[in-house]
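1. Structure, please.
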Amino acid sequence: MDKSKRLFLKSKRSFRRRLPPIQSGDRIDYRNMSLISRFISEQGKILSRRVNRLTLKQQRLITIAIKQARILSLLPFLNNEKQFERGESTTRTIGFRTKNKES
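-> Presented below is the predicted three-dimensional model:
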């Protein structure tokens with residue numbers, strides 16, 4: 001089979017269409033925490049549109065809802081787990097330094 005005929009053959013790969021992350025009945029609102037939390041990373045950052053697979057209008061509404069929830073302290077601005085880990089490590093080093101100075 002020459003190249004000119006190969007170009008017109010359809011690919012036999014099956015394509016499964018992904019479901020949209022926001023259904024038609026979901027309300028994008030700052031009070032809908034189960035919906036909003038899907039679009040935030042572990043660090044507390046808003047995920048991009050490509051990662052979320054959202055339309056431009058949906059991404060804008062999600063961003064506004066997340067910012068409103070942060071202002072009303074329904075969501076944290078940052079994930080504080082890493083700060084606690086740093087705090088523990090600094091106390092260990094401070095304690096270690098004081099022990100060396102005493103002896």
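2. Okay, now the unreliable bits of the chain?
-> Filtered on pLDDT under 70, the chain yields the residue ranges 1-12, 80-103.
3. residue ranges for the helices of it, please.
-> 3-6, 33-36, 49-52, 56-71, 81-102 (DSSP state H).
4. Buried residues in the second one, which are they?
-> Think helix 33-36. Leu35, Ile36 (16 or more other CB atoms under 10 Å). C-betas here are computed from N, CA, C, even on glycine.
5. Show me the contact partners of it.
-> Ile22, Asp26, Arg27, Ile28, Asp29, Tyr30, Ile62, Ala65, Ile66, Ala69, Leu74, Leu75 (CB atoms under 8 Å, 6 or more residues apart in numbering).
6. repeat that with 6 Å
-> Counting by CB atoms under 6 Å, 6 or more residues apart in numbering, helix 33-36 makes contact with Asp26, Ala65, Ile66, all of which sit outside it.
7. Alpha carbons of it, in CSV - could you do that?
-> In CSV, the C-alpha atoms belonging to helix 33-36 read as follows (Å, rounded to 0.1, in the frame of the first residue of the first chain):
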residue,chain,number,x,y,z
MET,A,33,-17.5,23.9,48.9
SER,A,34,-17.7,20.4,47.4
LEU,A,35,-17.5,21.8,43.9
ILE,A,36,-15.0,24.6,44.7
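8. Tell me the buried residues in stretch 20-35?
-> Neighbour-count burial for stretch 20-35 [16+ other CB under 10 Å]: Ile22, Ile28, Tyr30, Leu35.
9. Distance to Ile40 added to the contacts of helix 33-36, as JSON lines?
-> JSON lines is the format used below for the contacts of helix 33-36 (distance: CB to CB, whole Å):
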{"residue": "Asp26", "distance to Ile40": "16"}
{"residue": "Ala65", "distance to Ile40": "11"}
{"residue": "Ile66", "distance to Ile40": "7"}
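10. ok, which pair from the buried residues of stretch 20-35 is furthest apart?
-> The most widely separated members of the buried residues of stretch 20-35, counting by CB to CB, are Ile22 and Tyr30 (14.9 Å).
11. on that earlier part again, tell me the one of the contacts of helix 33-36 nearest Gly44?
-> Nearest member of the contacts of helix 33-36 to Gly44, counting by CB to CB, is Ile66, at 9.6 Å.
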